[in-house]
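Trainee: Everything below, folded, please.
(chains A and B)
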Amino acid sequence: MTITAPDIDKAAKPVKVKRGGVIGNTGLYIATGVATVLFLIPFYLIVRNALMTDPEITGEEWKWFPTSIQWGNITEPFDDVTVDFARSLWNSVVVAVLHTAGILLICSMAGYGLARIPYRHANKVFYAVLATLMVPTAVTFVPSFVLVSSLGWVDSYRGLIIPGLFSGFTCFLFRQYFLGFPKELEEAARVDGLGYWGAYWRVVVPNSLNFFAAIATITFINGWNAFLWPLVIGQDPSAWTVQVALSSYMTNQTVNYHLIFMATAISILPLIFVFLFLQRWLVQGIAQTGIKG
Amino acid sequence: MSTTTTRGVAKNPAPAKVSKDRPRRGLRANSTFNFWLFTGPFLIGLVIFVFVPIGWSVWLSFFEARFTVTPSQFVGFENYAAILQDEDFRNSLVTFTVFAAFIVPATWALSLGLALLVNRLRFMRAFARSVFFLPTAVSYVAASLIWKMSIFNGVRFGLANTVLSWFGVENIAWLSSPDPPWYWLVIVTVRLWLQSGFYMILFIAALQNIPRELYEAASLDGAKPGWQTFRHITLPQLRATSTAVILLLLVAAYQAFDEFFNLLPKATWGQPPLVELYKMALGENQNYGAGSAGAVVLTLLICAVTLLQGKIMGFGRGEESK
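Mentor: The predicted structure follows:
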């Protein structure tokens, strides 16, 4: 739409610079093949272990594939009584979805205000936002926890979601984006009698869906994968997200390999889907903004 | 992320066409109202959840506060003295330094290498790129779990030890002892796998922005393709991206928590700053005073490192990719 991201899918233009010929090309594809296999090994291991029996996993001899695929493993994390896996999965869905929706709404509006609405002290406000970028949010988890716990938000969705919604960085990205948004479109809306509010919702947002999709994808992945803050806030197992639940498997007294890896597979699956379907926007978003989180 | 971005906030002229048929003050009041309407929710949240905690923690760091977040007794700089004398805390800064010394150059080199590789492919290009990028979707917890339970689990049936056994190497206990420090291999490879693809995308974008003419001119001048053009054209042209990537990697390494927490849960060694803070504030002692002092120290350190690095490497001087 209005974004012209570098087209990453396009192969490098055939420049008249001598390539290494057949040998060089073979080397190139061998290197790619090796790197691809190495990068896929961890995914392979998840699937392998998730669909094996424990004796097979821990057996004397290494087995590349299960002798018979254990489809029954799929339900095991949900039947486990030590960790409420279904609950943690649901918590993650709620947290990641509301986190994404909230950030998109709040930070995009703020970014638009800073980029487009004239106000005498806008500069000062912008510097105050910039200043927060100097302090990584993870470093301030102790004071944030202190605040959230005195609000009584420990073990609640509020505590998990709300403190993370005010991302100076996302606001900054939206501001940068809106600075480059074609003014003519807004002026046309203004002539049609729309105020800032109307122009924003009827013209600016509908013409920026690519950018919103990019930010949404990155934000969702970060929300789903977040660990430190959910660990701090989720003191009670009922408030655990799926990442905290996975982490607890690793320190459990009894280790049940196939169950743990099935749980890991289930926790990764939604993201793989999001990733594969939205990869285009994700790549564009990263190439434009250069950042995640 | 660059210095060129601070322009254009207040300079945007008020929309002149509309203002003609309205009194000037009305318009200004209107836009002031709208400014706060748009930015208000964000700014209120920012104050409550970012500025207040930082301020509170600075205040709390001067007080005795154990098991409670309301300070009980003013102790001056005692928390700071205690934390700077705390051996665990100082060791955590050493751990971070070693970690950064490994992970920053390694990720930089690998992600640049992958970008160069993908950029030259004619076939399987999108596939290879997707494969390298896919780990970005995986959490540090899940990756740590795979590394700890299946690759580097220190017993016979782990993948790493299985492969080593084909060459007659004895089982290695990767994560259970600081000596020899095998755990670094585990920790660094986890992060390499997770984040290289992400930075690769940045490099691919930057590579495609290098003007073709430069290579053509170099070729006319007799530069050999390969190392020479890479050294004298590609690398200098990637300067701004490289600088940004290194800065991002450094800040990310500073905030490392997930993989250390999960890979070395019971270790007393090899703990980075955030894990120490976590133990201090949320461990048995719940010492929020010292925890806050630690947070302040770490924040100041990272600000200093960021500013210094920006200065040394001329951050934002070259604007090639944005």
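Trainee: buried stuff in the helix or strand where A:L147 lies?
Mentor: If you go by DSSP states H and E, A:L147 is part of helix A:141-150. Buried residues in helix A:141-150, defined by neighbour count with 16 or more other Cβ atoms under 10 Å in any protein chain shown: A:F141, A:V142, A:P143, A:S144, A:F145, A:V146, A:L147, A:V148, A:S149. Just so you know, the C-beta spots here come from the backbone N, C-alpha and C atoms, and that holds for glycine as well.
Trainee: Keep only those of the residues you listed that are also close to chain B.
Mentor: Of the residues in those, proximity to chain B by Cβ under 8 Å from any Cβ of the partner chain holds for A:F141, A:V142, A:P143, A:S144, A:F145, A:V146, A:L147, A:S149.
Trainee: Relative to the whole chain's centre, how far out is the longest helix along chain B?
Mentor: Using DSSP state H, we find that the single longest helix of chain B is helix B:87-120. Relative to the centre of its chain, helix B:87-120 is centred 10 Å away, using Cα atoms, centre = their mean, to the nearest Å.
Trainee: again, but for stretch B:124-133
Mentor: For stretch B:124-133, the separation from the chain centroid amounts to 23 Å (computed by Cα atoms, centre = their mean).
Trainee: export it as PDB, just CAs?
Mentor: This file holds the C-alpha atoms of stretch B:124-133, laid out as PDB (Å, rounded to 0.1, in the frame of the first residue of the first chain):
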ATOM      1  CA  MET B 124      15.700 -22.100  -2.700                       C
ATOM      2  CA  ARG B 125      16.300 -18.500  -1.700                       C
ATOM      3  CA  ALA B 126      13.000 -17.900   0.100                       C
ATOM      4  CA  PHE B 127      13.200 -21.400   1.700                       C
ATOM      5  CA  ALA B 128      16.700 -20.800   3.100                       C
ATOM      6  CA  ARG B 129      15.800 -17.400   4.400                       C
ATOM      7  CA  SER B 130      12.700 -18.800   6.100                       C
ATOM      8  CA  VAL B 131      14.600 -21.600   7.700                       C
ATOM      9  CA  PHE B 132      17.200 -19.200   9.100                       C
ATOM     10  CA  PHE B 133      14.500 -16.800  10.200                       C
END
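Trainee: For the stretch 101-250 of chain A, just list every one of the helices.
Mentor: Taking DSSP state H, counting those that start in this stretch, the helices of the stretch 101-250 of chain A run over residues A:122-133, A:141-150, A:157-161, A:168-179, A:183-191, A:196-199, A:209-225, A:228-233, A:242-251.
Trainee: List the buried residues of the third one.
Mentor: The neighbour-count check on helix A:157-161 (16+ other Cβ under 10 Å) flags A:G159, A:L160, A:I161 as buried.
Trainee: Need the residue closest to the centroid of chain A.
Mentor: In chain A, the centroid-proximal residue (Cα atoms, centre = their mean) is A:I221; its distance is 1.5 Å.
Trainee: wait, doesn't B:Y254 sit right on B:L248?
Mentor: No - counting by Cβ atoms under 8 Å, B:Y254 does not reach B:L248; the two are 10.8 Å apart.
Trainee: Mark out where each domain of the chain begins and ends.
Mentor: All of this is about chain A. Following automatic domain parsing, chain A resolves into domains at A:21-77, A:80-289.
Trainee: Please refer instead to chain B.
Mentor: According to automatic domain parsing, the ranges for chain B are B:3-42, B:79-312.
Trainee: just how off-centre is the last one within its chain?
Mentor: Which is domain B:79-312. Put simply, domain B:79-312 sits 8 Å off its chain's centre (Cα atoms, centre = their mean).
Trainee: Quick one: mean pLDDT over it.
Mentor: Mean pLDDT, domain B:79-312: 86.
Trainee: what does the first one give?
Mentor: Along domain B:3-42, the predicted local confidence has a mean pLDDT of 59.
Trainee: Nearest residue to the middle of chain B?
Mentor: For chain B, by Cα atoms, centre = their mean, the most central residue is B:A252; offset 1.7 Å.
Trainee: Taking helix B:87-120 as reference, get the angle to the helix or strand harbouring that residue.
Mentor: B:A252 is part of helix B:239-254, with elements assigned from DSSP H and E. Relative orientation of helix B:239-254 and helix B:87-120, computed by axes from the mean of the first three to the mean of the last three Cα atoms, to 10 degrees: 140 degrees.
Trainee: list the buried ones in whichever helix or strand comes after helix B:239-254?
Mentor: Sequence order places helix B:258-263 as the next helix or strand after helix B:239-254, per DSSP H and E. Buried residues in helix B:258-263, counting neighbours by 16+ other Cβ under 10 Å, are found at B:D258, B:E259, B:F260, B:F261, B:N262, B:L263.
Trainee: contacting residues around the third one?
Mentor: Which is B:F260. Going by Cβ atoms under 8 Å, 6 or more residues apart in numbering or on different chains, B:F260 touches B:I187, B:G270, B:Q271, B:P272, B:V275.
Trainee: Show me the strands in chain B, by range?
Mentor: B:63-64, B:73-74 (DSSP state E).
Trainee: which of those is buried the deepest?
Mentor: Across the strands of chain B, averaging neighbours per residue (mean count of other Cβ atoms under 10 Å in any protein chain shown) puts strand B:63-64 on top, at a mean of 18.
Trainee: now that strand: mean pLDDT?
Mentor: Strand B:63-64 shows a mean pLDDT of 80.
Trainee: mind listing what that strand pairs with, with the direction of each?
Mentor: If you go by DSSP bridges, strand B:63-64 pairs up with strand B:73-74 (antiparallel).
Trainee: Contacts for the partner strand next, please.
Mentor: The contact list for strand B:73-74, computed with Cβ under 8 Å, 6+ apart, reads B:F62, B:F63, B:E64.
Trainee: partner residues bridging the second one?
Mentor: Note on B:F63: beta-bridge partners by DSSP bridges are B:F74.
Trainee: I'd like the distance between it and chain A.
Mentor: Distance from B:F63 to chain A, counting by Cβ to the nearest Cβ, to the nearest Å: 12 Å.
Trainee: Ok, the last one next?
Mentor: Summarising the geometry, the distance separating B:E64 from chain A, computed by Cβ to the nearest Cβ, is 14 Å.
Trainee: Just give the nearest non-adjacent residue to that residue, would you?
Mentor: What sits nearest to B:E64 in space, not counting adjacent residues and going by Cβ to Cβ, 6 or more residues apart in numbering or on different chains, is B:Q73, at 4.3 Å.
Trainee: gap between the one you found and B:S57?
Mentor: In this view, B:Q73 and B:S57 are 17 Å apart by Cβ to Cβ, to the nearest Å.
Trainee: Could you do A:L259 as well?
Mentor: According to Cβ to Cβ, A:L259 and B:S57 sit 40 Å apart.
Trainee: Of these two, give the one with the bigger neighbour count.
Mentor: Using other Cβ atoms under 10 Å in any protein chain shown, the more surrounded residue of A:L259 and B:S57 is B:S57, with 26 against 22.
Trainee: check contacts around the more buried one.
Mentor: Contacts for B:S57 (Cβ under 8 Å, 6+ apart) come out as A:T140, A:V142, A:P143, A:V146, B:S292, B:A295, B:V296.
Trainee: Return the closest of these with respect to B:S242.
Mentor: B:S242 lies nearest to A:T140 out of the contacts of B:S57, by Cβ to Cβ, at 28.6 Å.
Trainee: Next up, phi/psi of B:Q271, please.
Mentor: Main-chain dihedrals, B:Q271, degrees, to the nearest 10: phi -110, psi 130.
Trainee: For burial, what's the neighbour tally of A:P118?
Mentor: Using other Cβ under 10 Å: A:P118 sits among 18 other residues.
Trainee: Which positions in stretch A:40-59 come out as buried?
Mentor: Within stretch A:40-59, the residues that count as buried by 16+ other Cβ under 10 Å are A:P42, A:F43, A:L45, A:I46, A:R48, A:N49, A:A50, A:L51, A:M52, A:T53, A:E56, A:I57.
Trainee: can you pull the pLDDT of A:M109?
Mentor: With respect to pLDDT, A:M109 has a value of 93.
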